[in-house]
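1. I'll drop the sequence and a predicted model, then ask my questions.
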Amino acid sequence: MSVPLAVLDCDLVLYGRGYRTLDRFRLDDVTDEYVVSTYGFPRQFIYYLVDLLGDKLFRPTLRARAISPETQILAALGFYTSGAFQTHVGDAIGISQASMSRCVASVTEALVERASQFIHFPEDDTGIYNLKDEFYSVAGMPGVLGVVGCIHVAIKAPNADDVSYLNRKGLHSLNCLMVCDAKGVLLSAETHWPGSLPNCTVLQQAALKNQFETELHKDGWLLGDNSFSLRTWLMTPLHIPETTAEYRYNMAHSATHNIIERTFRTIQSRFRCLDGSKCTLQYSPEKSSHIILACCVLHNISLEHGLDVSSSPAAEHTEQPEEEYEQIESTDSDACHVRQELLLAHF
């Protein structure tokens, strides 16, 4: 589809107590198909983001080429969903590479400030009950409050001397710890951990661990794979199942835990800046962490609006090989007892 090049040429008019930018590029001037293919989301979703973030992004200015909140959001979405700064994204809205970078930074920080609003565990007993009920309906695993996993996102090397971000595959990355519910909605996202840290170490140092040990352990648990240590609040598979009950437990665990893997694939499919297909994130670890978290916020908002990755025709994803890890043997007798009780009572 041929779309005329839209040139951003802003005028300023007095509006209330400040100034309002008037962009000649308008979202209403292009087709729905173009909006989704270029920015990854439908028109109404983008308008919602403008309403949500507009106050944060609008800065009164006397400069003749101020960039409106709408244009900043379009620039950021174009980067998040394509992984490329310039090409058709910057050209389509008529802004330079430098302006693209500023837009991505501004929108990213605005989304990160909203992270706790959109990424959190239920705060009441009804919400906790619903979590367990929805997980139980997946494969009959009781008491599940979330499924936890880690995903590596490639970043540029911070500097020649810093090997803390060098993962076991020899690539620089951030190891991101996430929890989701049965629908793939993220309940927790810690995106700043260096790629050299194994999953079990990340969890040991994470805020998630403290949250569960002090607040959320209400006769329930997370499900994690064998890259994590078994805990009273985190159930892992049995290494070598022997009885029928143990096989049933492992099968239910696997079917339920697979939700986090599907969620990772969905996030990387929609936000191509994270999947490594274009290039690594060309930012410092801190800024890269914020971009990942911003994409997590957008993932939850999109699910809240009934959008899934299939709504984007450009969402194609190449399966990544499963991460290899050393299985962790549990030395926590209390955790082993909890898992054994679960086996006897339900499987």
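-> Good, I have the coordinates.

2. so residue 69 touches residue 51, yeah?
-> No. With contacts counted by C-beta atoms under 8 Å, residue 69 stays clear of residue 51, the gap being 9.3 Å. Placement of C-beta: from N, CA and C, glycine included.

3. ok, now which ones touch residue 192?
-> Contacts of residue 192 were listed using C-beta atoms under 8 Å, 6 or more residues apart in numbering, and they are 174, 285-286, 289.

4. now swap in residue 144 and tell me
-> 131-132, 135-136, 220-223, 256.

5. Go again with 10 Å.
-> Residues near residue 144 by C-beta atoms under 10 Å, 6 or more residues apart in numbering: 131-136, 138, 181-182, 220-223, 235, 252-253, 256-257, 259.

6. In strands, which of those residues fall?
-> The strands, defined by DSSP state E, take in 221-223, 235 from those.

7. Quick one, which of the residues you listed are buried?
-> By neighbour count, with 16 or more other C-beta atoms under 10 Å, the ones in strands among the contacts of residue 144 hold 221-223, 235 as buried.

8. Now tabulate the residues you listed in TSV and tack on distance to residue 117.
-> Formatted as TSV, those follow (distance: C-beta to C-beta, whole Å):
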residue	distance to residue 117
221	26
222	22
223	26
235	29
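
9. which among those gets closest to residue 304?
-> The closest of those to residue 304 turns out to be residue 222 (C-beta to C-beta; 22.3 Å).

10. Distance-wise, check the closest one relative to residue 113.
-> Counting by C-beta to C-beta, to the nearest Å, the gap from residue 222 to residue 113 is 27 Å.

11. same deal with residue 270?
-> Relative to residue 113, and taking C-beta to C-beta, residue 270 is found at 21 Å.

12. Comparing these two, which shows the higher neighbour count?
-> Shown here are residue 270 and residue 113; by other C-beta atoms under 10 Å, residue 270 has more neighbours (26 against 13).

13. Show the pLDDT at that one.
-> With respect to pLDDT, residue 270 has a value of 93.

14. Equivalent analysis for residue 229, please.
-> pLDDT recorded at residue 229 is 93.

15. One more: residue 108?
-> On pLDDT, residue 108 comes in at 96.
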